[in-house]
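K.L.:
What would the 3D arrangement of this be:
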Amino acid sequence: MSTNPTEPPGPPRRSSGAKTHKVLLALAALLLGLAAGEGFLRAVHRPLDWEPGYDVLGRGWSRGLHQRSSVPGLDYELKPNLDATVFGVEVRTNRLGMRSPEITIEKPDGVRRIAALGDSVTFGWGVRQDQTWPRVLERRLNADGPRFQVIDMAVSGYNSRDEATLFLARGAPLNPDLIVIGYVLNDPDIYPTQPLRLAYLRPAWWQHSSLLRLARKLLWKYDIWKYGGGDYVRYLHRDPACRGSVIDSFRELAQWAGPRGVPVAVMIFPELSVSDGPAYPYADVHEQVAHAARADGFAALDLYPVFAAHPRAVLTISADDPHPSAFAHELTGRALESFIRGHEPGLFRK
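P.N.:
Numbers count the residues shown, from 1 in each chain. Below you'll find the predicted structure:
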């Protein structure tokens, strides 16, 4: 076929080598930008959330009371045989790593055992051991004789998943007659945003990058707006993964307790960080948790009516710390005792 000599030449074709060169330059620019961003975040704006091994409080208390856990699925647990003073409060643990008096694995004859599960609220952060609600409940139940042991299995920073995992590993062998879950409204949080969870986090590969941690944090904040309209508590109870972790944890406990005839009660603590007043914002969240508990055959005790009769100032450790005060623990122990006696003997192992 002949070529027309009068036809104007077309545009020059770019060689494949030139295209490759431009792609490499663009890739190099991207990598340099990412490296610069990573360096900036590490040097100037270090995103602490999701950072493995970082003690956010910077005071070492997290490692003073806790240790890495040997229980699969748990990052950390309380140290056994502990005798320490934390912010002026003595903390003692027994040989099983629980903030309770020493007990034997085998249950004594004629004694009913109550396993108290929870986080820093049930643990009794900021109050003496004898002031915690498990100790208040035990004293009141034993007013007529030593027939009850209340075992405080709570660990600061635990979520519902952790509580169920710890019970199945360490609480089940104690053969309790009743399980009480001290439910706090941040219990569905399965992400490493709590200080203790960060301190003992077993990181994924991406968590070693400040840039990727920042991206994950921004996605997390987006989810708080998406599911909770910016409200952290509502987000936790609407996000499918967080809400599902509570449902799954309740189900795991029910699968253990049901065949053994061991009742489970969920005691719901109100959010004490909100202001005083009649317009408590989370009454519907309490009902959601109670509904989930009853779906697995659990009893439910809502503490909001008990706490609502008192000003916030007497219910919390301080204006800056919403953990329950000794007075609030006393109210809790009394309310639970009345709840138990009102359901006895149905609220104990048949």
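
K.L.:
Convert the C-alpha atoms of stretch 239-258 to PDB, please.
P.N.:
Extracted in PDB, the C-alpha atoms of stretch 239-258 (Å, rounded to 0.1, in the frame of the first residue of the first chain):
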ATOM      1  CA  ASP A 239     -22.600   1.000  65.400                       C
ATOM      2  CA  PRO A 240     -23.100  -2.700  64.200                       C
ATOM      3  CA  ALA A 241     -19.700  -3.900  65.300                       C
ATOM      4  CA  CYS A 242     -19.800  -2.300  68.800                       C
ATOM      5  CA  ARG A 243     -23.500  -3.200  69.500                       C
ATOM      6  CA  GLY A 244     -22.800  -6.700  68.200                       C
ATOM      7  CA  SER A 245     -19.900  -7.200  70.600                       C
ATOM      8  CA  VAL A 246     -22.300  -6.800  73.500                       C
ATOM      9  CA  ILE A 247     -24.900  -9.100  72.100                       C
ATOM     10  CA  ASP A 248     -22.300 -11.700  71.400                       C
ATOM     11  CA  SER A 249     -20.800 -11.400  74.900                       C
ATOM     12  CA  PHE A 250     -24.200 -11.800  76.500                       C
ATOM     13  CA  ARG A 251     -24.900 -14.800  74.300                       C
ATOM     14  CA  GLU A 252     -21.500 -16.400  75.300                       C
ATOM     15  CA  LEU A 253     -22.400 -16.000  79.000                       C
ATOM     16  CA  ALA A 254     -25.900 -17.300  78.400                       C
ATOM     17  CA  GLN A 255     -24.500 -20.400  76.700                       C
ATOM     18  CA  TRP A 256     -22.400 -21.200  79.800                       C
ATOM     19  CA  ALA A 257     -24.900 -20.200  82.400                       C
ATOM     20  CA  GLY A 258     -28.100 -21.500  80.900                       C
END
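
K.L.:
mean confidence for that stretch?
P.N.:
Averaged across stretch 239-258, the pLDDT comes to 97.

K.L.:
got the contact list for it?
P.N.:
Where contact means CB atoms under 8 Å, 6 or more residues apart in numbering, the residues beyond stretch 239-258 that reach it are 159-161, 163-164, 167-168, 172, 179, 181, 187-190, 223, 227-228, 235-237, 262-264, 266, 289, 292-293, 295-298. Every C-beta, even on glycine, is put in place using the N, C-alpha and C of the backbone.

K.L.:
Buried among those residues? Need that as a selection in PyMOL.
P.N.:
Typed into PyMOL, the line below selects the buried ones among these, using 16 or more other CB atoms under 10 Å:
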select buried, resi 159+160+161+163+164+167+168+172+179+181+187+188+189+190+223+227+228+235+236+237+262+263+264+266+289+292+293+296+298
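
K.L.:
Could you tell me which of the contacts of stretch 239-258 are located in strands?
P.N.:
179, 181, 264, 266 (DSSP state E).

K.L.:
Make TSV from those residues and add pLDDT to it.
P.N.:
Putting the ones in strands among the contacts of stretch 239-258 into TSV (pLDDT from 0 to 100) gives the following:
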residue	pLDDT
Ile179	98
Ile181	98
Val264	97
Val266	98
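
K.L.:
so which pair among those is furthest apart in space?
P.N.:
Distances among the ones in strands among the contacts of stretch 239-258 were taken as CB to CB; the most separated pair is Ile179 and Val266, at 9.3 Å.

K.L.:
Where do the helices of the stretch 251-350 of the chain begin and end?
P.N.:
Here the stretch 251-350 of the chain has its helices, by DSSP state H, counting those that start in this stretch, at 283-295, 304-308, 312-315, 326-343.

K.L.:
Ala199: which of those helices is closest?
P.N.:
helix 326-343 (25.9 Å).

K.L.:
ok now that closest one, how far from the chain's centre?
P.N.:
From the chain centre to the centre of helix 326-343 is a distance of 23 Å (CA atoms, centre = their mean, to the nearest Å).
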